Every structure is written in C-alpha cells, then in structure tokens.
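Any chance you can model this:
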Amino acid sequence: MILRAVHYQMFDHERRVSGLESWHQLDGEVALRFDGDEVRFVSWAGAPGGYCIALQAQSFFNEGALSAVEMTTHPYWAPLIGKPIQTRYADALHEVLVLENREERLYLAAQYGDGTQGGDCIRIAKHPPC
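Now for the predicted structure:
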C-alpha cells in the first residue's frame, strides 16, 4: 500500500502539535490515506489484553467529534509518503504498531503521557517505546 497522506484526527483540547517534538501524543486517531482512496484509522482500543493500538477501515469516533490536522509533510511522516509501507504489531498484546518501508519506521504505541505502556492514547515516535 502506498501512503499518500496523513491526518491527525484530534479533539479540540489537543490541537497544538509542534513540529520538532521527539514524539506526539493523541487522544483521537490517525487517518492514513493510501492509493485508491483507501483509508485506515489507527487509535487506542481495549483488546486483546487491555489498552492497545488498533487499525481499522472506519473511524473509531462519531462524525464531528474530531478535527483533522494535516501531517503529511511533518518530518515523521514525509519519508513514508509516496512509498509502499507495511504495518505489523511489534508485540503480542498489540501495544505497538510499526509502520515501515525499507528505509524508515514509525511507532504508534498505546502509552500514557509518562511513557507507561498500555495507555488510552496514541504515542507516535521515530524510536520504539521503552
């Protein structure tokens, strides 16, 4: 699947994403747009073993609950745009989803703000969570 665009779907209280943080954290979801108008949504969920990261074809939230913020050109995402990417879970509990191509990786983890695994938010980082 060739990634074409990325949007953070955010609640109003979290709409301040700076460009040079070492990681981003969202309560909402990430919308990944691929060739052929295919969209996949990534957010935190409650299975298989507690809070985890889930990937699905429909939004996790009701229409109108979130606002989209364009992230396609952000330094985290730009190296993946226009290239085929694969997704895989890094662990059996699905707490970390890895998006990767031959040169780049991005980690989406279910973590709390203090970095504790299994949280009810999405932490997006260039390095694997601790």
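
Quick one: residues in contact with stretch 47-61.
Residues outside stretch 47-61 that contact it (C-beta atoms under 8 Å, 6 or more residues apart in numbering) are 9, 28-29, 31, 39-46, 66, 87, 89, 92-97, 108-110, 118-120, 122. All C-beta atoms are positioned from the backbone trio N, CA, C, and that covers glycine.

buried subset of these?
9, 28-29, 31, 40-45, 66, 93-97, 108-110, 119, 122 (16 or more other C-beta atoms under 10 Å).

among the residues you listed, which are in helices?
Residues of those located in helices (DSSP state H): none.

Sort out which residues of stretch 79-91 are buried, please.
Leu80, Ile81, Ile85, Ala90.

go on, stretch 7-16?
Result for stretch 7-16 [16+ other C-beta under 10 Å]: buried residues His7, Tyr8, Gln9, Met10, Glu14.

Please dump those into JSON lines; it should also carry distance to Glu103 for every row.
Listed next are the buried residues of stretch 7-16 as JSON lines, based on distance: C-beta to C-beta, whole Å:
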{"residue": "His7", "distance to Glu103": "23"}
{"residue": "Tyr8", "distance to Glu103": "23"}
{"residue": "Gln9", "distance to Glu103": "27"}
{"residue": "Met10", "distance to Glu103": "28"}
{"residue": "Glu14", "distance to Glu103": "30"}
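
Grab the two from those residues that are most spread out in space.
His7 and Glu14 (13.7 Å; C-beta to C-beta).

ranges for the strands of this structure?
For the chain, the strands defined by DSSP state E occupy 3-10, 23-26, 29-34, 39-45, 52-56, 67-70, 86-89, 96-100, 105-111, 117-125.
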